[in-house]
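Chemist: With the sequence up front, the predicted model follows.
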Amino acid sequence: MKQFKVQVLEEACSECRRCQLACSERHTGAFRPSAARVRIEPAGDGCAISFTDDCAGCGACAEACFYGALTMPPAEPEP
Amino acid sequence: MKGGFAGKVLLVDLGPGEVSSRELEAGDALDFGGGLGLGVRLASERISPQVEALDPANPVVLSAGPLVGTSLPATARCYAVTRLPAPRTVGWCGGAGAFGSQLKYAGYDHVVITGRAKRPTVLSIRDDGVELIPAEEDWGQGVKATTRRLKERLGRSAGVMAVGPAGEAMVSFAMAMIDEYSTLGRGGFGAVMGSKNLKAVVARGSGEIRVADRRRYRELCQGLLQSIRQYPYLKEWQDLGLIKSLPLVPAETYRRIRKRRLACPSCPIGDKDLIEIPDGDLAGLKVCSTSAVNLFTPMIYGFTDYREAVKCSATLDDLGLDMFEFFALLGFARALVESGIAKLEAGEPEIRLNSLASMEAWAGKICRREGLGEILASGAERMLKAFGAPARELAPPIVKGMVPYVGPRSPLAWDRFGTMELGQLLDPRGPHVGASGSPTYFASRPLSVFPKHLRRMGVPEEAIARIVSGASEATGDQDQLNVGALLKYSHTWFMILGSLGICARAQINRFYNAELCAALYQAVTGVPTGLSDLQARADRAWRLLHRINQDLGFSPEANPVPRPWIGRSGFKNYVTALPLSEVEIKVMVAAYYREWEGRG
């Protein structure tokens, strides 16, 4: 599986949890936000986004995000 | 069913404090689809004509459809079906936030609540642990404090459906709020919860929802997401929310005060707001809302400072009051006082619809049922009874015990008579703002665009020909829109969306179509489902809802047309823009019921 280092912009997060839905479905075959490898925790008026140790870097969370809170890094230029 | 459904119905009798559950019966789920449709079915088993809205035996059925909890865009809707105090009919209320999906993850598709708790109570639903928790310390608190305390206790991802002091006092226009930002309960649903001493229902689950056919699901979902990503106005909707469609303040003002965009679970557009007042006497005030448009609504009634409008709305939301009904009844009361028909008691504040101090004072008096507040709390019909015949001339239009949002002498200045407007008479729950997926919703469109829209709604071709070219029996005109027939199909389409759990807002359900809904239902549940199957289930639920209300004594004839709606200053024909006559409306009503009887 290709690994990505997902870029995080917490202030853009709407708490829609599409990332958690995508992650849990990719890795468990079911929608189960509590089992997702991306965490969204309260932080003041906003939220803090983190990844568990078993995050595979598959990028499913970033693919699912419509708000720019999680994005794929830009492609590396060809050497 | 192999997917979509959590599989259980939770049964709660608040009187003895008994909690049990049963398996969701596959037959019922298939006959009524799930979600709102099955909620109607479950309510019908317990409704009886002798039981009024605030009686302990009045059931409350909470429901989340089979798509809720999946990643399909904007599938977070949940519904409450109950007998409502203002219209006295059995109707539905819908909301979103996290409640529906968390209920599903906790293992339940529906919750049936009966009885009255002996003391203030919170119903807590967590996986297999369902508790009735004493809530004396929450009683009297606003929605915000209650919701935050429960989320602190159970986790921010919990879904909290709570009432404020208005619901506790059984104000006839009390609402419940989900997660501080989703309103639930035009018609007084909050009062029903208050009558049961039920301060809140909270759900938090760690379980899962599976889909039956992952490959097909992914295929359909990817297509849907692609169409959303390609929508040219997506960024604009995400940027402005509902300010885009109703710019009550300049966009720059809105952007300055918006702190965060919030979204219901799975929604890719997000139209909820967390705003913060940046300056002035109210600097630092932070408010969550179903949309900033709602927060600015008092400006329609004359507020000139948007900050005070926001504060007023926040107060009403925190108390759990239906804002439009609140302002309508205060407006009526003001007219009664000015004409000498009603008198304020010594010390009662003047009623000024454009004054924050006045409106907050009266909101408090209504929730405490003090003085004139006692009559106001009981709603429009009670006001008419209390002040007699002279009051009728000053009364706003009243439909099913409530004041319509839309139309002549109503707050939203829209005068074309389409499906939402006719629906105010014919929807059992009474007047509310709802697109029901119809193309007439707040837009004057040429009839040439209707067929495409109607096909998306799943309207059969032979019915489309009746809807957009149906002649008006009253006027003999040929190029008319058969609003009555269109409303029937709008109701079917809305019930499909509600049974599945798809958001009812126009900016999101525009991406769905009826054929796609059938395919999604099949992919998620594993039940072979064509469009006609889905429509049959939706129609079955609507017919049951009609029948329940007929058994309560509400008949098609008992829908008087408010006088202000007709004539030169009333509603206008949707197509011709000519003043509407009462005969035309009655023709539409007849067409609606003919369509239901299959005699279109």
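Modeler: Here it is on my side, so go on.
Chemist: show me the contacts for the residue nearest to residue B:207 when sequence neighbours are not counted.
Modeler: Closest residue in space to residue B:207, ignoring its immediate chain neighbours: residue B:105 at 4.7 Å, by CB to CB, 6 or more residues apart in numbering or on different chains. Just so you know, the C-beta spots here come from the backbone N, C-alpha and C atoms, and that holds for glycine as well. Residues in contact with residue B:105 (CB atoms under 8 Å, 6 or more residues apart in numbering or on different chains) are A:32-34, B:6, B:69, B:204-209.
Chemist: measure residue B:311 to residue B:492 for me?
Modeler: 41 Å (CB to CB, to the nearest Å).
Chemist: More neighbours: which of these two?
Modeler: residue B:492 (25 against 22; other CB atoms under 10 Å in any protein chain shown).
Chemist: Spell out the secondary structure type for the residue positioned nearest the centre of chain A.
Modeler: Closest to where the C-alpha atoms of chain A average out (CA atoms, centre = their mean) is residue A:61, at 3.5 Å. Using DSSP: H, G, I helix; E, B strand; the rest coil, the structure places residue A:61 in helix.
Chemist: same thing with residue B:296?
Modeler: The three-state assignment at residue B:296 reads helix, by three-state DSSP.
Chemist: What number of residues are in the vicinity of it?
Modeler: 24.
Chemist: Residue B:553 too?
Modeler: The tally of other residues near residue B:553 (other CB under 10 Å) stands at 10.
Chemist: Backbone dihedrals for the spatially closest residue to it that is not a sequence neighbour, please?
Modeler: In space, and not counting its chain neighbours, residue B:553 is closest to residue B:49: 6.8 Å by CB to CB, 6+ apart. Note on residue B:49: its backbone torsions stand at phi -60, psi -30 [degrees, to the nearest 10].
Chemist: immediately after the host helix or strand of residue B:102, which helix or strand?
Modeler: Taking DSSP states H and E as the definition, residue B:102 sits inside helix B:99-105. Next in sequence after helix B:99-105, counting helices and strands by DSSP H and E, comes strand B:110-114.
Chemist: can you give me how far that following strand is from the chain middle?
Modeler: Taking the mean of its C-alpha atoms, strand B:110-114 sits 19 Å from the chain's own mean (CA atoms, centre = their mean, to the nearest Å).
Chemist: CA atoms of the longest helix seen in chain A as CSV?
Modeler: For chain A, the helix with the greatest residue count under DSSP state H is helix A:18-28. Output of helix A:18-28 as CSV, limited to C-alpha atoms (Å, rounded to 0.1, in the frame of the first residue of the first chain):
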residue,chain,number,x,y,z
ARG,A,18,-16.0,11.6,6.6
CYS,A,19,-12.3,10.8,7.2
GLN,A,20,-13.2,8.4,10.0
LEU,A,21,-15.9,6.8,7.9
ALA,A,22,-13.5,6.3,5.0
CYS,A,23,-10.7,5.0,7.3
SER,A,24,-12.8,2.5,9.2
GLU,A,25,-14.4,1.2,6.1
ARG,A,26,-11.1,0.8,4.3
HIS,A,27,-9.5,-1.1,7.1
THR,A,28,-12.4,-3.0,8.8
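Chemist: Note down every partner strand of the next helix or strand after that helix and its orientation.
Modeler: Downstream of helix A:18-28, the first helix or strand assigned by DSSP H and E is strand A:38-43. Strand A:38-43 has its sheet partners listed here by DSSP bridges as strand A:46-51 (antiparallel).
Chemist: Most neighbours among the contacts of residue B:105, which one?
Modeler: Neighbour counts for the contacts of residue B:105 (other CB under 10 Å) peak at residue B:69, which has 34 neighbours.
Chemist: Need phi/psi at it.
Modeler: phi 100, psi -10.
Chemist: That one touches residue B:104, doesn't it?
Modeler: Yes. Counting by CB atoms under 8 Å, residue B:69 does reach residue B:104; the two are 3.9 Å apart.
Chemist: Give me the mean pLDDT for the longest helix of chain A.
Modeler: What helix A:18-28 shows for mean pLDDT is 97.
Chemist: Just want the angle from it to strand A:46-51.
Modeler: Put simply, helix A:18-28 runs at 20 degrees to strand A:46-51, going by axes from the mean of the first three to the mean of the last three CA atoms, to 10 degrees.
Chemist: Return the set of buried residues in helix A:18-28.
Modeler: Across helix A:18-28, burial judged by 16 or more other CB atoms under 10 Å in any protein chain shown covers A:18-27.
Chemist: which of the residues you listed are close to chain B?
Modeler: The residues of the buried residues of helix A:18-28 that also fall near chain B, by CB under 8 Å from any CB of the partner chain, are A:18, A:21-22, A:24-25.
Chemist: Just name the closest of the residues you listed to chain B, please.
Modeler: In terms of CB to the nearest CB, no member of these lies closer to chain B than residue A:21, at 4.0 Å.
Chemist: Find the nearest non-adjacent residue to the closest one, please.
Modeler: Closest to residue A:21 by CB to CB, 6+ apart is residue B:71, at 4.0 Å.
Chemist: Run a quick check on residue B:323 versus residue B:313, I expect a contact.
Modeler: Yes. The criterion here is CB under 8 Å, and residue B:323 meets it with residue B:313 at 6.2 Å.
Chemist: Quick check: neighbours shared by those two?
Modeler: With CB under 8 Å, 6+ apart as the test, residue B:323 and residue B:313 both reach B:294, B:297-298.
Chemist: Now residue B:345: which helix or strand?
Modeler: Using DSSP H and E, no helix or strand contains residue B:345.
Chemist: which non-adjacent residue is nearest it?
Modeler: In this structure, residue B:345 finds its nearest non-sequential neighbour in residue B:371, 4.5 Å apart by CB to CB, 6+ apart.
Chemist: Make sure that neighbour is actually in contact with residue B:349.
Modeler: No. Counting by CB under 8 Å, residue B:371 stays clear of residue B:349, with 10.3 Å between them.
Chemist: Could I get the contacting residues of residue B:350?
Modeler: Here residue B:350 is in contact with B:344, B:358 (CB under 8 Å, 6+ apart).
Chemist: separation between it and residue B:305?
Modeler: Taking CB to CB, one finds residue B:350 at 19 Å from residue B:305.
Chemist: Check residue B:439 too.
Modeler: Distance, residue B:439 to residue B:305, by CB to CB: 37 Å.
Chemist: what does residue A:59 give?
Modeler: Distance of residue A:59 to residue B:305, given as CB to CB: 47 Å.
Chemist: Looking at the two, which is more packed in?
Modeler: Applying other CB under 10 Å to residue A:59 and residue B:305 shows that residue A:59 carries more neighbours, namely 21 against 15.
Chemist: quick one: the more buried one and residue A:71 touch, right?
Modeler: No. Contact criterion CB under 8 Å: residue A:59 and residue A:71 do not qualify, at 9.5 Å.
Chemist: Could you pull out the residues contacting both of those two?
Modeler: In contact with both residue A:59 and residue A:71: residue A:6, using CB under 8 Å, 6+ apart.
Chemist: what's the burial count for residue B:232?
Modeler: A count of nearby residues for residue B:232, using other CB under 10 Å, gives 6.
Chemist: ugh, wrong one, residue B:112
Modeler: Residues near residue B:112, counting by other CB under 10 Å, number 22.
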